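Colleague: sequence first, predicted coordinates after that:
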Amino acid sequence: MNNNKDHIYSILQEVCDPEVPVLTILDLGIVRDIQFHEEEVEIIITPTYSGCPAMDAISVDIKLKLIEQGFKKVKVSYVLSPAWTTDWMSEEGKKKLQAYGIAPPQKITNNTRLHKMLFEEEGHIECPQCHSLNTKMLSQFGSTACKALYQCNDCKEPFDYFKCH
């Protein structure tokens, strides 16, 4: 059994988000730290939001993946501060979202209210199908609470937008 962080990160690269299976937990940026305590490995993660229903499944998947690789004692801990932000998502993860048909989050400006007004509320979110910026928000909530539902005015396709936080 290899007890180094790089090895653990390579294993965690195989743990996917159950709600968006094209993203790994490393793409999401929720893995905060890896610690070793004698016989136990501890994975510290930050939920994308405090009520995220996927966190239990992610914890189980982390434990199962590490146990498959020979780790006998695995602990998953949560830290809520600092709060997760979409800025922690990898650029590769944002590209995966786009290819999957979900508009990736826009970069958050220092003024979140201004960001929402300029990008989300007025619908300047790029359509992942045809790449048009001529889009409109249909609902603040899409297939999950962390996404909003949009429609492209050009190709008419509905799509989820992974909201900034």
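Modeller: Okay, I see it. Here the structure is a predicted model, which is why all the values come from computation and not from measurement.
Colleague: can you list the weak-confidence ranges in the chain?
Modeller: Filtered on pLDDT under 70, the chain yields the residue ranges 1-2, 107-123.
Colleague: tell me who's in contact with D61.
Modeller: Taking Cβ atoms under 8 Å, 6 or more residues apart in numbering, we find D61 in contact with V15, C16, P18. Every residue, glycine included, has its C-beta placed from N, CA and C.
Colleague: is it possible to mark the buried ones in the residues you listed?
Modeller: Those of the contacts of D61 that meet the buried threshold are V15, C16, by 16 or more other Cβ atoms under 10 Å.
Colleague: list just the nearest of the contacts of D61 to V31.
Modeller: V31 lies nearest to V15 out of the contacts of D61, by Cβ to Cβ, at 9.0 Å.
Colleague: what separation is there between the closest one and Q140?
Modeller: In this view, V15 and Q140 are 29 Å apart by Cβ to Cβ, to the nearest Å.
Colleague: who's in contact with G29?
Modeller: W84, W88, M89, S90, G93.
Colleague: relative to C152, how far out is it?
Modeller: 28 Å.
Colleague: try E91
Modeller: Distance of E91 to C152, given as Cβ to Cβ: 23 Å.
Colleague: got it, and C130?
Modeller: Taken as Cβ to Cβ, the span from C130 to C152 is 6 Å.
Colleague: the two: which has the busier surroundings?
Modeller: Neighbours were counted for C130 and for C152 using other Cβ atoms under 10 Å; C152 has more, 23 against 13.
Colleague: and the more buried one, what does it touch?
Modeller: Contacts of C152 by Cβ under 8 Å, 6+ apart are C127, Q129, C130, S132, N134, T135, P158, F159.
Colleague: likewise for Q151?
Modeller: T135, K136, L138, E157, P158, F159.
Colleague: cool, A148 as well?
Modeller: Contacts for A148 (Cβ under 8 Å, 6+ apart) come out as E120, M137, S139, Q140, F141, G142, D160, Y161, K163.
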